[in-house]
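K.L.:
3D, please:
(chains A and B)
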Amino acid sequence: MDQIPIFTLGEVLLVSIQVDLEDQLAMRLQEDLSERIVATGARAVIIDISALDIVDSFIGRMLSTIASISRVLDAETVVVGMRPAVAITLVELGLSLKGVRTALTVEHGLRMLNGTPSLALGGPREAGYGDGDGYGDADSTGDSPAPDAGSRAALPRPVSD
Amino acid sequence: MALADSGGDVEALPITADEDVVRVRQLVRSRAVAAKLSLIDQTKLVTAASELARNTLVHGGGGRAEVSTVTNGRRNGIRVHFADDGPGIADLDLAMTDGYTSGTGMGLGLSGARRLVDEFDIDTGPGAGTRVTVTKWSR
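P.N.:
Reported below is the predicted structural model:
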């Protein structure tokens, strides 16, 4: 496997990392995602790391970098599915994943994105979007319960071969 | 480290490419599972090993890792030894400081790895290569 698949879900790009991540593969994902955001006009990226049994400083840096790049390209990034042991280890390692929004599951991630006022998924792309300030404080207010039923069933799953 | 007895089951891996870092992680994981470390301790040890293996590759110009199961009579542990013949570290205090980075990571490699294990030994110097040994004990 030399590439991580990226699924398009309306205006959301979904990446599910299912392999033990080599550094080169992580770098490639960064580039592939940036290109796909521009090519598809995606407004958001969800990265599912539930299959990762560790996140070390290199992978942590990759996640932060992807979040920064997509923000510059006018898309939000949410990292979902972190295992509890990984979270504990990350904090002890000293990584805080600054600038990276997180959610427990893909569904929570979609809900969080739908609850972001400047990011009306499905609506027209606003010309003035891009304040950058709302970043990271989406969780300070109660997330409005999202219209979730539709997206839930439509989630593609990576084909294992 | 004379205190603990390594059971003569040392497994060694070369570290010369990216995929070797992954192999080291996988070997350490399987040995930690066999030694009955808790899931969190496994995760901490594997994460530390990943940082140190990458250091060996990137800063040491490649080297090797040795993984062994150790016991102190009451508890089992996993010990991982990393060695390279690279340039070594001139200012160890600086290199062990949180946030110190040579530009490839987040500056948490050595200091972070030390926090994740129970024992951490480093032997290095300019032109002398680097040897790091870490141990994680079962609880």
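K.L.:
use CA for all of it now, contacts and neighbours both
P.N.:
Noted.
K.L.:
What segments of chain B are helices?
P.N.:
B:18-34, B:39-58, B:92-95, B:109-116 (DSSP state H).
K.L.:
what's the answer for chain A, then?
P.N.:
A:23-40, A:57-72, A:84-93, A:106-114, A:149-154.
K.L.:
Could I get these in JSON lines, plus columns for mean neighbour count?
P.N.:
Shown next, in JSON lines, are those (neighbours: other Cα atoms under 10 Å in any protein chain shown):
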{"stretch": "helix A:23-40", "mean neighbour count": "16"}
{"stretch": "helix A:57-72", "mean neighbour count": "20"}
{"stretch": "helix A:84-93", "mean neighbour count": "18"}
{"stretch": "helix A:106-114", "mean neighbour count": "21"}
{"stretch": "helix A:149-154", "mean neighbour count": "10"}
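K.L.:
Of all the ones you listed, which one comes closest to B:Val134?
P.N.:
Comparison of the helices of chain A against B:Val134 by Cα to Cα identifies helix A:84-93 as nearest, at 14.8 Å.
K.L.:
that older thread, which stretch among the helices of chain A approaches chain B most closely?
P.N.:
helix A:84-93 (4.5 Å; Cα to the nearest Cα).
K.L.:
got the angle for that closest one vs helix B:39-58?
P.N.:
60 degrees (axes from the mean of the first three to the mean of the last three Cα atoms, to 10 degrees).
K.L.:
which residue is nearest the centroid of chain B?
P.N.:
B:Ala49 (4.3 Å; Cα atoms, centre = their mean).
K.L.:
And for A:Val80, the neighbour number?
P.N.:
Other residues lying near A:Val80 total 22 when counted by other Cα atoms under 10 Å in any protein chain shown.
K.L.:
In contact with the residue nearest to the centre of chain B, which residues?
P.N.:
Going by Cα atoms under 8 Å, 6 or more residues apart in numbering or on different chains, B:Ala49 touches B:24-25, B:28, B:80, B:113.
K.L.:
Looking at these, which has the smallest pLDDT value?
P.N.:
Lowest pLDDT of the contacts of B:Ala49: B:Ala113, 94.
K.L.:
Contact partners for the closest residue to A:Gln3 other than its chain neighbours?
P.N.:
Leaving out its chain neighbours, the residue that sits closest to A:Gln3 by Cα to Cα, 6 or more residues apart in numbering or on different chains is A:Leu25, at 6.6 Å. Counting by Cα under 8 Å, 6+ apart, A:Leu25 touches A:2-4.
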